[in-house]
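A.B. asks: Provide a 3D model corresponding to the input given below.
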Amino acid sequence: MTSGTEFFAICRWSANVFASRVLRVAQGDTSLPFTCHACTYLFRPSRLPTPFQSAERFLPKACNCTGVVGCKFPGGGPGRLQPCPVEATSATGCDSGV
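C.D. replies: Numbering: from 1, shown residues only. This is a model prediction of the structure:
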């Protein structure tokens with residue numbers, strides 16, 4: 001079960017990632033991949049690392065998927081999203097394949 005502050009942090013992070021993706025689509029960003037796996041994790045506490053607040057800094061802060069590499073979020077599987085091994089300090093998040 002997720003506490004109220006954890007749930008709020010998950011909602012805030014999910015809304016930011018989702019809004020950044022929608023904004024890129026609205027702007028006609030041609031570098032976006034066709035497939036986005038982020039939806040598998042957004043607003044789903046059971047698919048995100050726990051405790052979320054301490055792991056949040058290692059997750060992408062926004063949609064930064066580009067080109068043929070595709071979505072930075074792993075697709076498929078019943079498991080949880082694993083955080084990037086180094087802290088994501090840029091506004092675009094982790095570029096190490098998360």
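A.B. asks: which stretches of this protein have low pLDDT?
C.D. replies: The model of the chain has pLDDT under 70 over residues 1-2, 68-69, 76-79, 83-98.
A.B. asks: the strands in it, which residues?
C.D. replies: Using DSSP state E, the chain contains no strands.
A.B. asks: residues touching residue 35, list them.
C.D. replies: By C-beta atoms under 8 Å, 6 or more residues apart in numbering, residue 35 lies in contact with 70-71, 75. C-beta coordinates here come from the backbone N, C-alpha and C atoms, glycine included.
A.B. asks: should've said residue 32
C.D. replies: So residue 32 contacts 21, 24-25, 65-66 (C-beta under 8 Å, 6+ apart).
A.B. asks: Show me the two of those residues that sit farthest apart.
C.D. replies: 25 and 66 (13.5 Å; C-beta to C-beta).
A.B. asks: Please say which of those two ends up with more neighbours.
C.D. replies: Using other C-beta atoms under 10 Å, the more surrounded residue of residue 25 and residue 66 is residue 66, with 17 against 12.
A.B. asks: how about residue 18, what does it touch?
C.D. replies: Residue 18 neighbours (C-beta under 8 Å, 6+ apart): 38, 42.
A.B. asks: separation between it and residue 54?
C.D. replies: According to C-beta to C-beta, to the nearest Å, residue 18 stands 22 Å off from residue 54.
A.B. asks: what about residue 55, distance to residue 35?
C.D. replies: 24 Å.
A.B. asks: can you check residue 22 too?
C.D. replies: 16 Å.
A.B. asks: what do you get for residue 82?
C.D. replies: When residue 82 is compared with residue 35 (using C-beta to C-beta), they lie 19 Å apart.
A.B. asks: now swap in residue 20 and tell me
C.D. replies: From residue 20 to residue 35 the distance is 17 Å (C-beta to C-beta).
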